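S.K.: Fold the following for me, if possible:
(chains A and B, ligands or ions: 2)
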Number of protein chains: 2
Amino acid sequence: MSITKEIAVLSGDGIGPEVTSVAVKILQAVCERHDYTLKTENHEVGGASIDRFGRPLTRETLEACKKADAVLLGAVGGSQWDDQPKDKRPEAALLGLRKELGLYANLRPIKTYESLIHASPLKEEIIRDVDIMIVRELTGGIYFGRPRLIEKTDTGERGVDTLIYTTEEVKRIVHTAFETAAVRNRKVTSVDKANVLDSSRLWRRTVTESAKQWPEVTLEHMLVDNCAMQLVRYPSQFDVIVTGNMFGDILSDEASMITGSIGMLPSASLGEKHAMYEPVHGSAPDIAGENKANPLATIASVALMCRYSLDMPEAAREIEEAIETTLKDGFRTGDISTDPSREYVVDTTEMGSAVLKHLNPNLQPGTLL
Amino acid sequence: MSITKEIAVLSGDGIGPEVTSVAVKILQAVCERHDYTLKTENHEVGGASIDRFGRPLTRETLEACKKADAVLLGAVGGSQWDDQPKDKRPEAALLGLRKELGLYANLRPIKTYESLIHASPLKEEIIRDVDIMIVRELTGGIYFGRPRLIEKTDTGERGVDTLIYTTEEVKRIVHTAFETAAVRNRKVTSVDKANVLDSSRLWRRTVTESAKQWPEVTLEHMLVDNCAMQLVRYPSQFDVIVTGNMFGDILSDEASMITGSIGMLPSASLGEKHAMYEPVHGSAPDIAGENKANPLATIASVALMCRYSLDMPEAAREIEEAIETTLKDGFRTGDISTDPSREYVVDTTEMGSAVLKHLNPNLQPGTLL
Ligand SMILES: [Mg+2]
Ligand SMILES: [Mg+2]
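M.R.: Ligands and ions are numbered 1, 2, ... in the order given. A predicted model of the protein is given here:
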C-alpha cells in the first residue's frame, strides 16, 4: 500500500485556478511515478471566499490547511475587492494563513534559467550562475511591532512603527537558513543594519552565536544597503541570504528582477508544523480565464513542496529538470517569449503538458492536460 | 568689486585631501571665469581631527562650517580608528555635521555617462537615459527614533527600534523634492510602505496634500519593494525619487550601482541655512596618498554646490559638461578604466587638469594642477 500525501489547494483569484490546476497535475504525475497516493482538497480563499462566504479566509479553509501535509496557493486579489476595508481584502487571507499556520520563514529561490538569460536587465556575465535562496523572516519585525499609530501633535501629526526582534525569532529563522545552506553551497549571508539599529545588533549577535552549530557553513554579515548594491553588482556571490521581514521584502523583490522573469519564481512559507507554497507573481486579473498565464512558477512551487514538505527530494529535482528541459525545447508562454519566430509560444495547459511529457514520456499528446 | 563666496573645506582622511584639493581648483577656475572671489578655509574632520584634537568634530570646525556659504567634505574613516567607541569614530563627524547644520535633505543624482555606459552590470538599453535624483530624508526616521534598546526578557533578549515621521518632517523634504523636480523633468516618485506601515500612511497622505502646491509636477506613489525592482527593471522611468531615511539609504546605494561607477557619484546634503557637498565614495585608505584616486565625484559635488548653494547654475553646467567631455576624450583613472589600450589612464591631478582645461582653455599644460 502506498503512502498518501494530502494537499490543500487554495487556488484563489484571477489566474490562480488555472495555474494551480496545471501544477496539481504535475504533482499527481510525480506521485504516481514514485508510488505515492495524492489526495487533494480544494478550498476557497481571497476574493473567491469573500464572494461566497463574506470573508477572505474561513475557519473551514484554515482547518483544512492545518490537517494537510502542505498547502498550495494560487494567487489572491482583484480590483473588484479593492473597496473592502483592509481586514476584509483578499490579501488579508495571506496574513491570516501565515499567522494561523505559524509560517515564519519565507523562502524565495532566485535562479537563472540558461534559456531565459537574455530576458534579464542585467548582462549575461553578471547573472550566469546566479542561484540564491532568500530566507526572509515573515511573522516579526516592523510589519507587526507595536506600538503602531498615527497621533495628533501640537503642530500636526506623527506616525509611529516599531521594529522588534527577539532572540527566539532570530534563532529559528537562522535554523531554517543554515539547514537550507547545509544542503546547498554552504554559505549564509546575514543581512542587517547593525551599524545603526539596535534590533540589528541583537540580530547579528544572535546569528553569530547560533551559527556555531553549523561549522561546515560559512557565515558572513552584510549591511542591507550594501546587499542592495551587491545583488546588482555581483549576485552570484550569494548562496543563502537570511534577513528580517522588511529587508527581506525589499531585497527579494529586487533579486526577483535580476533574472528578468518574475513569472518564473516560486516561494515556500514554512513553520514548525505547516507549510504553504505559492508563485511569487500575483493574480493577473487582466488575463484571468484566458488560459494564457505562465504556470511554471506554480509548478516550481510544487517542486519546493516535494522537497520541503513531502519528503520527495528526487521528485523535486525531476520537476525542476522538466521545467529546464521544457524551456530548452523552446516552449514559452507569452510573458517569457522574446523571439516568437524561434520559440513555441504556448498557452497555460500546453506549457503544463510540455512539462508533464518530460515526467511521463509514455503519455500521448492527446491525453495530457 | 566681485562677490565673495566662502567655502569650508573639510578634506578628512584617506584620499579626501587629494580629491578635495583638485575639486577646489576647479571651483576656483569657475569662480574666476564668472568674476567671483573664492575664499576657502581648511579644517580638520574625522580621523584627522581625532589625531590632532582627540575628537572627530571640533566646535571650531563646526563654527567655520556655519559661517561658510557651503561645506566641501572629502571623506572620513580608516582602520586605524576602528577601535574607537562609536561616538568617537571618524564617521560620527558626519552625523554631528548633519545634525548641527540641520542637513535634512540628502540629494544623490544618478546619471549615466555615455562614455562609461559599458561599465554597468545592466544592459546599455536599460541604463541609457538614466537621470535620477534621489532625495532622501536624512535626520529623521528609524535611524533616530526613540525608544531604541536591547533588553532582557524571560527567555532571552529583544531589540527595539522606532520609526517616526512627523507632518513637518515630511513637508520640508517634499518641498526640497518638488523644487528640485520643478527644474528637472517635473516628476516626483514618493516611495513608502503605506500598505503596511502607519508612518508611511502619514507620509503618503502628507506628500499628496503638499504636492498640490506644485501643480506642474506629476506625483506618483510607489511601494519600496516595487521601487527596488523598478530601479533594476526600468530605471529611466524616474526623475526625482523622494523617500525616508532608511528606504533612501537602501535605494540610493542600489541605484548607485546601476551606473557601474560609484567613483563618479556626487552628493549634496541640504538644510534651511547650510549645505554640505561630498562624493559618495569612501576614504579608500588603500590608495591614499598615491595620487591615484578618481576626483570626478568630488568635482561633480562642487558642481552641485554651484547649483544649490552658490547661485551659479551656469558654472554647475560648465563643470558637468567639462566632466563629460573629459570622459569622451578618453581620460580615465584606474577605477573606471576598462580598455587601457584605447584610453588615457591618468592619475588624480592629471584628471583634474584635463577637466580644468575644458573650463579654461588658455591654461598651459605645465601650469595646471
Ligand atoms: Mg514585496
Ligand atoms: Mg548607505
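S.K.: quick one, helices of the stretch 51-200 of chain A?
M.R.: Remark: helices assigned in the stretch 51-200 of chain A by DSSP state H, counting those that start in this stretch are A:59-67, A:92-100, A:124-127, A:167-182, A:198-210.
S.K.: go on, the stretch 251-369 of chain A?
M.R.: A:296-308, A:313-328, A:348-359.
S.K.: Could I get the CA-only coordinates of the longest one as CSV?
M.R.: Only the C-alpha atoms of helix A:313-328 are listed here, as CSV (Å, rounded to 0.1, in the frame of the first residue of the first chain):
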residue,chain,number,x,y,z
PRO,A,313,13.6,15.3,-2.9
GLU,A,314,14.0,13.3,-6.1
ALA,A,315,10.6,14.3,-7.4
ALA,A,316,11.6,17.9,-6.7
ARG,A,317,14.7,17.6,-8.8
GLU,A,318,12.7,15.8,-11.6
ILE,A,319,10.2,18.6,-11.8
GLU,A,320,12.9,21.3,-11.8
GLU,A,321,14.7,19.4,-14.6
ALA,A,322,11.5,19.0,-16.5
ILE,A,323,11.0,22.8,-16.4
GLU,A,324,14.6,23.4,-17.6
THR,A,325,14.2,20.9,-20.4
THR,A,326,10.8,22.4,-21.5
LEU,A,327,12.4,25.8,-21.7
LYS,A,328,15.4,24.4,-23.7
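S.K.: And that helix, what's buried?
M.R.: For helix A:313-328, burial by neighbour count (16 or more other Cβ atoms under 10 Å in any protein chain shown) applies to A:Ala315, A:Ala316, A:Glu318, A:Ile319, A:Glu320, A:Ala322, A:Ile323, A:Glu324, A:Thr326, A:Leu327. Backbone N, C-alpha and C define where each C-beta goes, glycine included.
S.K.: Show me what it is in contact with.
M.R.: For helix A:313-328, contacts defined as Cβ atoms under 8 Å, 6 or more residues apart in numbering or on different chains pick out A:26, A:30-31, A:33-34, A:113-116, A:296, A:299-300, A:302-304, A:306-307, A:351, A:354-356, A:358-359.
S.K.: So among these, which ones count as buried?
M.R.: Buried, going by 16+ other Cβ under 10 Å: A:26, A:30-31, A:34, A:113, A:115-116, A:296, A:299-300, A:302-304, A:306-307, A:351, A:354-356, A:358-359, out of the contacts of helix A:313-328.
S.K.: Tell me what the residue nearest to the spatial centre of chain A is bridged to.
M.R.: For chain A, the residue nearest the mean C-alpha position is A:Ser267 (1.4 Å; Cα atoms, centre = their mean). Beta-bridge partners recorded for A:Ser267 (DSSP bridges): A:Glu278.
S.K.: Who are the contact partners of it?
M.R.: A:Asn106, A:Leu107, A:Arg108, A:Tyr277, A:Glu278, A:Pro279, A:Val280, A:Ser301, A:Leu304.
S.K.: Over to A:Ser115?
M.R.: A:Glu324, A:Leu327, A:Lys328.
S.K.: tell me the pLDDT at it?
M.R.: We have a pLDDT of 93 for A:Ser115.
S.K.: Contacts only, for A:Ile126.
M.R.: Going by Cβ under 8 Å, 6+ apart, the list of residues near A:Ile126 reads A:Arg233, A:Tyr234, A:Pro235, A:Ser236, B:Pro121.
S.K.: what's the distance between the closest residue to A:Asp192 other than its chain neighbours and A:Glu209?
M.R.: Once flanking residues are discounted, A:Asp192 sits nearest to A:Ser200: 3.8 Å by Cβ to Cβ, 6 or more residues apart in numbering or on different chains. Relative to A:Glu209, A:Ser200 is positioned 15 Å away (criterion: Cβ to Cβ, to the nearest Å).
S.K.: Those two: who's more crowded?
M.R.: Per other Cβ atoms under 10 Å in any protein chain shown, whichever of A:Ser200 and A:Glu209 has more neighbours is A:Ser200, with 25 against 13.
S.K.: Near A:Glu41, how many other residues are there?
M.R.: For A:Glu41, using other Cβ under 10 Å, the count is 14.
S.K.: For the stretch 101-250 of chain A, what lies in contact range of ligand 2?
M.R.: Within the stretch 101-250 of chain A, the positions lying close to ligand 2 (Cβ under 5 Å from the ion) are A:Asp225.
S.K.: Now with 8 Å, please.
M.R.: A:Leu223, A:Asp225, A:Asn226 (Cβ under 8 Å from the ion).
S.K.: Return the member of those residues nearest to chain B.
M.R.: Nearest to chain B among these: A:Asp225, at 4.1 Å, using Cβ to the nearest Cβ.
S.K.: What does the pLDDT read for that closest one?
M.R.: pLDDT, A:Asp225: 96.
S.K.: The spatially closest residue to it that is not a sequence neighbour and B:Ile26, how far apart?
M.R.: Leaving aside its sequence neighbours, A:Asp225 sits nearest to B:Asp253 (Cβ to Cβ, 6+ apart; 4.1 Å). Noted for B:Asp253: a distance of 26 Å to B:Ile26, by Cβ to Cβ.
S.K.: just to revisit the earlier point, and the residues of the stretch 101-250 of chain A next to ligand 2, which of them are in helices?
M.R.: A:Asp225, A:Asn226 (DSSP state H).
S.K.: which of the residues of the stretch 101-250 of chain A next to ligand 2 tops the neighbour count?
M.R.: Among those, A:Asp225 has the most neighbours (other Cβ under 10 Å), with 22 neighbours.
S.K.: What residue in the stretch 101-250 of chain A comes nearest to ligand 2?
M.R.: A:Asp225 (3.5 Å; Cβ to the ion).
S.K.: Make sure that residue is actually in contact with B:Ile250.
M.R.: Yes. Between A:Asp225 and B:Ile250 there is a contact at 5.0 Å, judged by Cβ atoms under 8 Å.
S.K.: elements contacting the longest helix seen in chain A?
M.R.: The residue-count maximum for a helix in chain A (DSSP H) belongs to helix A:16-33. Counting by 3 or more Cβ pairs under 8 Å, 6 or more residues apart in numbering or on different chains; DSSP states H and E, the packing neighbours recorded for helix A:16-33 are strand A:4-12, strand A:37-42, strand A:70-75, helix A:296-308, helix A:313-328, helix A:348-359.
S.K.: do that again at 6 Å, thanks
M.R.: The contact analysis (3 or more Cβ pairs under 6 Å, 6 or more residues apart in numbering or on different chains; DSSP states H and E) places helix A:16-33 against strand A:4-12, strand A:37-42, strand A:70-75, helix A:296-308, helix A:348-359.
S.K.: hmm, back to that, adding distance to ligand 1, write the contacts of A:Ser115 out as a markdown table.
M.R.: Below are these laid out as a markdown table (distance: Cβ to the ion, whole Å):
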| residue | distance to ligand 1 |
| --- | --- |
| A:Glu324 | 26 |
| A:Leu327 | 25 |
| A:Lys328 | 30 |
